[in-house]
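**Student:** could you look at this predicted model? Sequence included:
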Amino acid sequence: MSKTFTINNIKWDRIWISIYLEEKSLDNNSLNNYAVFIKNSSVQHNTEQHVFKLQPGESKNEFKLNITNPGNCKMLPTGIWELIISETDADGSVDLYSNNYSHLESSLDNIKKFNRQFIYFHNERSYRVQFSNRNGFKIKTSDITLPEQDKKKKLLSIIRRTKNNTAKSILRIIYNSEFLLFHRKPLKKYSGSLLEDNLHKIKKPHILLMSDQSEEMGSNMVALKNALLREGYQPEEALRAVTTKHYNILHWIKTLKKIAWADFIFLDDHSQTTDWLTIKGAVITQLWHAGAGFKSTGYSRFGMPASPAPKSGHRQYSYGIAGSKKIRHFFSEVWGINDEMVLPTGMPRLDEYLNEEYIRKTKDKLYKDYPILCKPVDSDKEKQNNIILFAPTYRGENKRHAYYPYDKLNMDRLYKLCEETNSIIIFKMHPFVEEPVPIPEKYKDRMIDLVKYPNINDLFYISDLLITDYSSNIYEFSLMRKPMLFYAFDIDEYTKERGFHRDYRTNVPGKIVETFDDMINAINKEDFEYEKVEEYIENNFEFTDTHACERIINWIIRGNRPTNIN
């Protein structure tokens, strides 16, 4: 390769490194016919774990690397990595075993300014990425234990780890024993695709619906359970709230038996159990509730408070689900798995949500149970109140510390708005927020707190406007083709503390307002930027039907995936 390529810029976007190249002799600086790789310089032979291809970026000279999953569904292994570039064949392939590639050099000064440190595991460990220009451009990755200055804290940390590790070791022994006793013997030796091929042949597979977040099923899991029962399957359940409740050893023995017994496991959120327990002999599918959320979570916020460790339960997923192929890369980033492992089945809860008979019955029941929602305005018997649904997400690190800053709402002005626009406001706060909405008694003829109503999706049918912020509830609401308003008063702070794994300002299907006054003005003027809704639906939904559960059963349990999905 005769051309000389130079690295002229490096940028970080959370867990992504973007490398920008320059080669002056190329027309328009085009690198379309080239591929960039990183190679572990300490390894003699190219292997799957030591050579990774960078993804093309938005510009022609940009190549991107995800340090939490360069393609192996694991962290970028520790070591010293060289960047190499190779011209691709006509079919786009590259033979790295030939010597037809070049090492990349850097023209950057003070390259150390691009170094990053990702702290995790209760601020006890650090994953580091460092750059060097010595003897060619290199990336060094390391994972170290951080020194603890406070001797008392260090001692307490050791005691806590020892106690936790001992308990987990005992539970692993129990699980492994139960696996030998209760798992299907002919299948236990298989793994990966061999395991899945054999599981598809079972007429009555063992199916486990599992949650570590709640003792009640989420809407996706409820929908899938009902579909499984209709198809003649008999799923087991293991529903717990391990983050907020303590369970005795007998409970753990019973739960681990169900896990050991299962051929297919469906989760509805992050499972703390899978962080320390390696599950064998089962296909694990994540039914995460966020249809197309913007909040950074999982590996998309690696190194931030409450982010996962390099090895976590997310790495055990065989599949996750999403609403569309166009957005599945957002989900794979969160879970630290590859794009093709995220199947665009659609969300199970949409099957019921889009059912016309269910919609009719639900609206009738809501109007009957909550007369305020259908009360005529004054003497005009034909005109009904407009219904505004206020449903933001929570603030705070997690469920234990969740809150909403109600001081950002002026109840007097909201009530005046209701009078002026013939409106009713429904407050539906995130389930994590325990503090009730401070609605003055005198305003309860036009304001109602429905935080205890079980299913927010039901409220979408009767709402004329959704006001939210960073919540994933926009996913289902968009299908009602009604306007949305985004009251993002803390967008800069939220971006720094929580972050987004999609560009918030360019992806929300409605107008963003950052002050209470702007929110009131937008409602009065009906300025919602409604034209963004159809574009959002087109980008986020592969299917808008009532067959998501059917696809999950056919594609995952029966193995009948369409060729374009495989």
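**Tutor:** Received it, and whenever you're ready, just let me know what you need.
**Student:** mind listing the strands for the stretch 201-350 of the chain?
**Tutor:** Counting by DSSP state E, counting those that start in this stretch, the stretch 201-350 of the chain has strands at residues 207-211, 236-239, 264-267, 283-286, 319-321, 342-343.
**Student:** closest one to L465 among those?
**Tutor:** strand 319-321 (29.2 Å; CB to CB). Heads up, the C-betas are built off the backbone N, CA and C, glycines and all.
**Student:** give me the sheet partners of that closest one and which way each runs.
**Tutor:** strand 283-286 (parallel), strand 342-343 (parallel) (DSSP bridges).
**Student:** could you dump those strands into a markdown table and include distance to E82?
**Tutor:** Output for the strands paired with strand 319-321, formatted as a markdown table (distance: least, CB to CB, whole Å):
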| stretch | distance to E82 |
| --- | --- |
| strand 283-286 | 35 |
| strand 342-343 | 31 |
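**Student:** mind checking which of those strands is nearest K185?
**Tutor:** In terms of CB to CB, the element of the strands paired with strand 319-321 nearest to K185 is strand 283-286, at 17.7 Å.
**Student:** got the buried residues for that closest one?
**Tutor:** V283, I284, T285, Q286 (16 or more other CB atoms under 10 Å).
**Student:** which residues does it contact?
**Tutor:** 195-196, 199, 263-267, 274, 314, 316-321, 335, 552, 556 (CB atoms under 8 Å, 6 or more residues apart in numbering).
**Student:** so I10 is in which element?
**Tutor:** strand 6-13 (DSSP states H and E).
**Student:** what is the subsequent helix or strand relative to that strand?
**Tutor:** Once strand 6-13 ends, the next helix or strand along the chain (criterion: DSSP H and E) is strand 16-22.
**Student:** and that next one, what's buried?
**Tutor:** For strand 16-22, the neighbour count (16+ other CB under 10 Å) marks W16, I17, S18, I19, Y20, L21 as buried.
**Student:** same question, stretch 240-257
**Tutor:** Across stretch 240-257, burial judged by 16+ other CB under 10 Å covers R240, V242, W252, T255, L256, K257.
**Student:** so the closest residue in space to the last one that isn't next to it in sequence versus K112, what's the distance?
**Tutor:** When you say that, I think you mean K257. Excluding the flanking residues, the one nearest K257 by CB to CB, 6 or more residues apart in numbering is E178, at 4.8 Å. Separation of E178 from K112 (CB to CB, to the nearest Å): 51 Å.
**Student:** could you do R184 as well?
**Tutor:** Noted for R184: a distance of 54 Å to K112, by CB to CB.
**Student:** which of the two has more neighbours?
**Tutor:** For R184 versus K112, the count of surrounding residues by other CB atoms under 10 Å is larger for R184: 14 against 9.
**Student:** I'd say L373 and D364 touch.
**Tutor:** No: the criterion here is CB atoms under 8 Å, and L373 misses it with D364 at 11.5 Å.
**Student:** so which of the two has more stuff around it?
**Tutor:** Neighbours were counted for L373 and for D364 using other CB under 10 Å; L373 has more, 20 against 11.
**Student:** need the contact list for that one.
**Tutor:** Contacts of L373 by CB under 8 Å, 6+ apart are L366, Y367, N385, I387, I424, I426, I448, I462.
**Student:** try it again with 6 Å
**Tutor:** By CB atoms under 6 Å, 6 or more residues apart in numbering, L373 lies in contact with Y367.
**Student:** for it, what are phi and psi?
**Tutor:** phi -80, psi -10 (degrees, to the nearest 10).
**Student:** so what pLDDT did it get?
**Tutor:** We have a pLDDT of 89 for L373.
**Student:** one more: R400?
**Tutor:** pLDDT, R400: 78.
**Student:** next, the buried residues of the strand holding I10.
**Tutor:** I7, I10.
**Student:** packing partners for that strand?
**Tutor:** Applying 3 or more CB pairs under 6 Å, 6 or more residues apart in numbering; DSSP states H and E, one finds that strand 6-13 contacts strand 16-22.
**Student:** partners of the strand it packs on, with directions?
**Tutor:** By DSSP bridges, strand 16-22 pairs with strand 6-13 (antiparallel), strand 62-66 (antiparallel).
**Student:** need the residues that contact stretch 214-225.
**Tutor:** L209, L239, A241, D268, L287, H289, P348, R349, D351, E352, C549.
**Student:** and if we set it to 8 Å?
**Tutor:** Stretch 214-225 has contacts (CB under 8 Å, 6+ apart) with 209, 211, 235, 237, 239-241, 245, 266, 268-269, 287-289, 347-349, 351-352, 455, 457, 548-549, 552.
**Student:** what's near enough to touch H122?
**Tutor:** H122 neighbours (CB under 8 Å, 6+ apart): S157.
**Student:** shift numbering so it begins at 883
**Tutor:** That works, and once the first residue is 883, the last one we named lands at H1004.
**Student:** give me the pLDDT for it.
**Tutor:** Per-residue pLDDT puts H1004 at 81.
**Student:** what about R1387, how many neighbours?
**Tutor:** When neighbours are counted by other CB under 10 Å, R1387 registers 12.
**Student:** how about it, what does it touch?
**Tutor:** I1394 are the contacts of R1387 under CB under 8 Å, 6+ apart.
**Student:** in which helix or strand does it reside?
**Tutor:** helix 1386-1389.
**Student:** buried sites along that helix?
**Tutor:** For helix 1386-1389, by 16+ other CB under 10 Å, it's Y1386, N1389.
**Student:** before we move on, the earlier item: buried subset of the contacts of stretch 1096-1107, written for ChimeraX?
**Tutor:** In ChimeraX syntax, the buried subset of the contacts of stretch 1096-1107 is picked out as below (16+ other CB under 10 Å):
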select :1091,1093,1117,1121,1122,1148,1150,1151,1169,1170,1171,1229,1230,1231,1233,1234,1339,1430,1431,1434
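**Student:** the contacts of stretch 1096-1107 in helices, which ones?
**Tutor:** Among these, the members found in helices (DSSP state H) are R1231, D1233, E1234, N1339, A1430, C1431, I1434.
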